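Undergrad: 3D, please:
(one chain, ligands or ions: 1)
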Amino acid sequence: MQQSTFPRSAPQTAVSAGPLDDAGIAALADRLAGSDPALFLDFDGTLTEIVQRPDLAELGEAMRGRLRRLARLVPVAIVSGRDLDDVRTRVGVEGLIYAGSHGFDIDAPSGRHRRGEDYRPALERAGSALEQALAGIPGALVERKRYAVAVHTRLVEEARKPEVADAVRSVAATEPQLRRTGGKELVELRPDLPWDKGRAVLHLIGTEGLGASFPVYVGDDLTDEDAFAALRDRGMGILVGDHGHPTAAAAMLPDIPAVGHLLDALSARLGG
Ligand SMILES: O=P(O)(O)OC[C@H]1O[C@H](O[C@H]2O[C@H](CO)[C@@H](O)[C@H](O)[C@H]2O)[C@H](O)[C@@H](O)[C@@H]1O
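TA: Now for the predicted structure:
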């Protein structure tokens, strides 16, 4: 496997994330084989390449096969910013735990866990206002989810991106129940609740009987940082690529093929 020698564009936090090379993967596999593992995986940018539009993201068959194999061996959760139904359809593997809308909407063996239902009218209003405000900006996409509204800027001309940011700021100012967060070429409004992917992962560890497990979380974006931080003292966060900001992950992989390599190595070791 290639070594993770990609440059970091921002200084690291107190926890320095080193490249996860083959020796590191073998050590992690041994660690998991000697405990109750649990695997938490982000979707876009971790299992699928980032593409120009959200609707174009497709999970490759090889990655789907890896998820199927792993799910027979250990609890596997997909923790995505996407709407739960959207990510579940795109992954298309039974027997996984699915958490959508950054963990506001969870479908797990213990049941359906939703947060933010009271915030949906505000999200509806914000979605409509944003569609209206951005109608004249070519390439601006509004993605409406059950517990968030995302505005995508990947296809917006550079000079017009500040207009998109201004529009989101203005709409956010009229909806005090919502807060702004960011991602890759994306600004989002979500319920202003103390909830995020990190809390969702800890919640799942509690509800799914994973308290004694060694949880591993793999993700690529800023919203995954909450999960890396949540697992810092009890598991392992693995950052994929470089989101250009400090990270709380303990280790890094360079790209999605390297994630595939990691998952293959874990399957091989855990499958005995
Ligand atoms: O938590 P994730 O599963 O990684 O979801 C994060 C966001 O992913 C999607 O947007 C991102 O991927 C798109 C397709 O590659 C890309 O065009 C966009 O620029 C990225 O931000 C998804 O559309 C969002 O809803 C998720 O929040």
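Undergrad: what about stretch 121-137 and the ligand, touching?
TA: No - shown here: stretch 121-137 not in contact with the ligand (Cβ under 6 Å from any ligand atom), separated by at least 12.7 Å. Using the backbone N, CA and C atoms, a C-beta is placed for each residue, glycine as well.
Undergrad: please apply the same query to stretch 92-100.
TA: No - Stretch 92-100 is not in contact with the ligand by Cβ under 6 Å from any ligand atom; minimum separation 8.6 Å.
Undergrad: low-confidence regions, the chain specifically.
TA: Applying pLDDT under 70 to the chain picks out residues 1-16.
Undergrad: separation between the residue nearest to the spatial centre of it and the ligand?
TA: Nearest to the mean C-alpha position of the chain, by Cα atoms, centre = their mean, lies Asp42 at 3.6 Å. To the ligand, Asp42 is 5 Å away according to Cβ to the nearest ligand atom, to the nearest Å.
Undergrad: over to Val240?
TA: 10 Å.
Undergrad: same thing with Ser267?
TA: 21 Å.
Undergrad: quick check, that residue in a helix?
TA: Yes - Ser267 forms part of a helix when assessed by DSSP: H, G, I helix; E, B strand; the rest coil.
Undergrad: list the contacts for it?
TA: Going by Cβ atoms under 8 Å, 6 or more residues apart in numbering, Ser267 touches 66, 69-70, 73.
Undergrad: with Leu222 instead?
TA: By Cβ under 8 Å, 6+ apart, the residues touching Leu222 are 181-183, 243, 245.
Undergrad: can you give me the strands in the stretch 101-250 of the chain?
TA: 105-108, 111-114, 141-145, 148-152, 178-183, 186-191, 213-219, 236-240 (DSSP state E, counting those that start in this stretch).
Undergrad: can you lay out the ones you listed as TSV showing distance to Ala126 and mean neighbour count?
TA: Converted to TSV, the strands of the stretch 101-250 of the chain look like this (distance: least, Cβ to Cβ, whole Å; neighbours: other Cβ atoms under 10 Å):
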stretch	distance to Ala126	mean neighbour count
strand 105-108	17	21
strand 111-114	19	12
strand 141-145	9	19
strand 148-152	5	25
strand 178-183	6	17
strand 186-191	5	23
strand 213-219	25	24
strand 236-240	30	26
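Undergrad: tabulate the ones you listed (TSV), appending distance to Leu32.
TA: Shown next, in TSV, are those (distance: least, Cβ to Cβ, whole Å):
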stretch	distance to Leu32
strand 105-108	20
strand 111-114	25
strand 141-145	32
strand 148-152	32
strand 178-183	29
strand 186-191	32
strand 213-219	6
strand 236-240	9
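Undergrad: for those strands, which one sits closest to Ala268?
TA: Among those, the nearest to Ala268 by Cβ to Cβ is strand 213-219 (15.6 Å).
Undergrad: what is the closest one packed up against?
TA: In terms of contacts (3 or more Cβ pairs under 8 Å, 6 or more residues apart in numbering; DSSP states H and E), strand 213-219 is packed against helix 22-33, strand 36-41, helix 197-207, helix 225-230, strand 236-240.
Undergrad: residues contacting Val111?
TA: I think there's a mix-up here, since residue 111 is Gly and not Val. Per Cβ under 8 Å, 6+ apart, neighbours of Gly111: Thr207.
Undergrad: give me the residue from this structure nearest the ligand.
TA: Gly81 (2.4 Å; Cβ to the nearest ligand atom).
Undergrad: count of neighbours near the residue nearest to that residue when sequence neighbours are not counted?
TA: Computed as Cβ to Cβ, 6 or more residues apart in numbering, the closest residue to Gly81 that is not its neighbour in sequence is His102, at 5.0 Å. When counting by other Cβ atoms under 10 Å, one arrives at 29 neighbours for His102.
Undergrad: quickly note the distance from His102 to Arg199.
TA: To Arg199, His102 is 10 Å away according to Cβ to Cβ, to the nearest Å.
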